[in-house]
Structure formats: structure tokens, C-alpha cells
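Engineer: A predicted structure for the sequence below; I have some questions about it.
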Amino acid sequence: MTAAIVHYNTTELTGALVRSIRKWSPGLAVCIFDNSDSRPFPATDGVTVFDNTRGQIVNFDELVARYPHRHGTINGYASAKHIASVDALFDLLPDGFLLLDSDVLLCRDVIPLCDTGAAWCGYSEQRPDASWHRPRLLPYCLWLNVPMLRAHGIRFWHDGMVDCLDGESPYYDTGASLLHDCREVGLTGRQYDIYEYIVHFGRGSYGGRIYNEWLRNNRHLYE
């Protein structure tokens with residue numbers, strides 16, 4: 001079983017998550033999809049890094065250029081970037097993977113979530129107060145059964161699932177396309193409370209929040 005982490009600019013957070021995986025789920029292989037030009041993830045024993053620091057795998061500028069009316073702000077760019085990264089992992093990890101956000105830490109073993117009998121294992125939510133309106137699967141800790149999904153023609157996202165409120169930036173809703181497509185073909189998943197398995201810092205990849213204190217307070221989860 002494999003854990004996949006999409007890395008941006010916070011090497012401290014991603015590194016702590018790798019150590020947390022090794023503490024709580026040592027049987028998991030670890031793969032990093034590295035999107036950081038300025039702070040790429042350093043070479044680490046036992047970690048496979050897919051280098052996308054210069055767009056070798058996914059060229060985000062070309063992606064966004066195809067949808068210029070949907071990406072008026074950095075928020076739209078960032079959400080598209082994350083979704084395209086996870087979608088690329090469908091090809092890089094065809095046996096399936098447990099998707100983990102780079103700003104989470106484990107607090108128990110997550111290997112039982114890698115359920116080969118379910119299309120996905122995760123937590124679905126719908127928040128009418130947010131800029132997305134469709135129910136989505138939270139990407140913070142989400143098992144994706146890639147062989148089962150691809151057998152039904154499902155990838156992580158498809159065009160046409162963008163949501164926005166009037167006057168707000170376009171926002172590709174991470175996890176909404178996948179959940180919608182599974183329901184369309186009758187594929188079922190397993191719902192669980194992800195916060196029984198992880199502690200989430202929140203928006204850590206954007207660099208706008210100071211995470212050092214959070215890491216110190218949770219060092220027992222990765223040391």
C-alpha cells in the first residue's frame with residue numbers, strides 16, 4: 001500500500017508527515033508529487049519523489065491557459081494545480097493510493113483505510129456556506145482505489161465540475177468530480193471520520209500561516 005503526498009513549499013510540514021507515517025503506519029510506501037520550484041522536497045531514504053518542479057509531469061501554465069475565464073485569482077490556480085496533481089497520480093500509482101494532504105499528521109494506523117473492496121474510503125461533506133456547492137470527498141486523508149475507478153472510466157476530476165459564487169474566484173472543487181462520477185455508475189465507498197486518523201493544520205501549503213508552533217505541539221505524532 002502507498003501513501004501519496006502532494007508537496008508545495010512547506011518542507012517542514014511534508015517532512016513531519018513522512019516521519020509520522022513511518023511512526024504510525026510503517027508498512028506504507030511513501031511517494032511525493034513535488035510541485036515546489038523554490039523548496040523542493042529533499043532526497044529522503046525510502047521515499048519516491050515524482051519531480052514536477054518545472055512542470056515535467058503536469059504543465060500547470062498550459063492547463064490554466066485552456067480555461068482562462070475560470071482562473072481569475074491564485075485561489076483558482078491553486079485548486080486546479082492540486083486536482084491536476086492528484087489526477088496525474090492515477091497514472092503514476094495505478095494500484096491505488098492513500099492521498100494525504102501535506103499539512104496533516106497521523107495519530108493512528110491508516111493502513112486499514114486502504115480497502116480494496118471499496119472505490120474510495122474517506123469523508124464526504126457538503127458546505128452551502130462555502131464557494132463549492134456540490135458534495136465532495138475531503139482530500140486530506142482519502143483512499144483511492146484506482147483500478148476499480150479506472151475500470152469504470154473514472155479519474156480524479158473531469159472538466160465541467162467548477163463551482164463559484166457570483167463575484168468570487170472560480171474554484172475546482174477537490175473531490176466533487178470523483179464523488180459525482182462514482183454515484184453516476186453506482187460505485188460505493190466507505191465513509192469514516194478522517195479526524196480519528198489525522199490532525200490537520202489547514203492551508204499550510206500556502207505559506208500564510210505560521211506552522212512551527214503547531215509542529216512543536218504535535219511532535220509526539222512524528223517523533
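Structural biologist: Structure received. Residues are numbered from 1 along each chain as shown.

Engineer: hmm, which helix or strand of this structure has the shakiest average pLDDT?
Structural biologist: The helix or strand of the chain with the lowest confidence, counting by mean pLDDT, DSSP states H and E, is strand 171-172 at a mean of 56.

Engineer: could you list the residues in contact with stretch 106-123?
Structural biologist: For stretch 106-123, contacts defined as Cβ atoms under 8 Å, 6 or more residues apart in numbering pick out 1, 3, 17, 20-21, 23-25, 27-28, 96, 98, 137-138, 141-145, 148-149, 154, 175, 178-179, 182, 187-194, 196-199, 221. Where C-beta positions appear, they are placed from N, C-alpha and C, glycine not excepted.

Engineer: hang on, the earlier thing: skip ahead from the least confident helix or strand of the chain and say which helix or strand is next.
Structural biologist: Next in sequence after strand 171-172, counting helices and strands by DSSP states H and E, comes helix 176-185.

Engineer: which positions within that following helix qualify as buried?
Structural biologist: Residues 176, 177, 178, 179, 180, 181, 182 are the ones in helix 176-185 that count as buried (16 or more other Cβ atoms under 10 Å).

Engineer: who touches that helix?
Structural biologist: 83, 119-120, 124, 132, 134-137, 144, 149, 152-158, 161, 163, 188-189.

Engineer: chain center to the longest helix seen in the chain, what's the gap?
Structural biologist: Identified as the longest helix of the chain according to DSSP state H is helix 74-92. Relative to its chain's centre, helix 74-92 lies at 8 Å (Cα atoms, centre = their mean, to the nearest Å).

Engineer: what helices or strands is that helix leaning on?
Structural biologist: The contact analysis (3 or more Cβ pairs under 8 Å, 6 or more residues apart in numbering; DSSP states H and E) places helix 74-92 against strand 2-7, strand 29-34, strand 47-51, helix 60-65, strand 97-100, helix 146-151, strand 171-172.

Engineer: turn these into CSV, columns for mean neighbour count and distance to residue 89.
Structural biologist: Formatted as CSV, those follow (neighbours: other Cβ atoms under 10 Å; distance: least, Cβ to Cβ, whole Å):
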stretch, mean neighbour count, distance to residue 89
strand 2-7, 24, 5
strand 29-34, 21, 6
strand 47-51, 16, 8
helix 60-65, 12, 15
strand 97-100, 26, 6
helix 146-151, 16, 8
strand 171-172, 24, 16
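
Engineer: mean pLDDT lowest for which of the ones you listed?
Structural biologist: Here the helices and strands packed on helix 74-92 differ in mean pLDDT, and the lowest is strand 171-172 at a mean of 56.

Engineer: the helices and strands packed on helix 74-92: which one's closest to residue 13?
Structural biologist: Among those, strand 2-7 comes nearest to residue 13, with 8.8 Å by Cβ to Cβ.

Engineer: contacts for that closest one, please.
Structural biologist: With Cβ under 8 Å, 6+ apart as the test, strand 2-7 has contacts from 14, 17-18, 21, 25, 28-36, 40-41, 82, 85-86, 89, 93, 95-102, 110.
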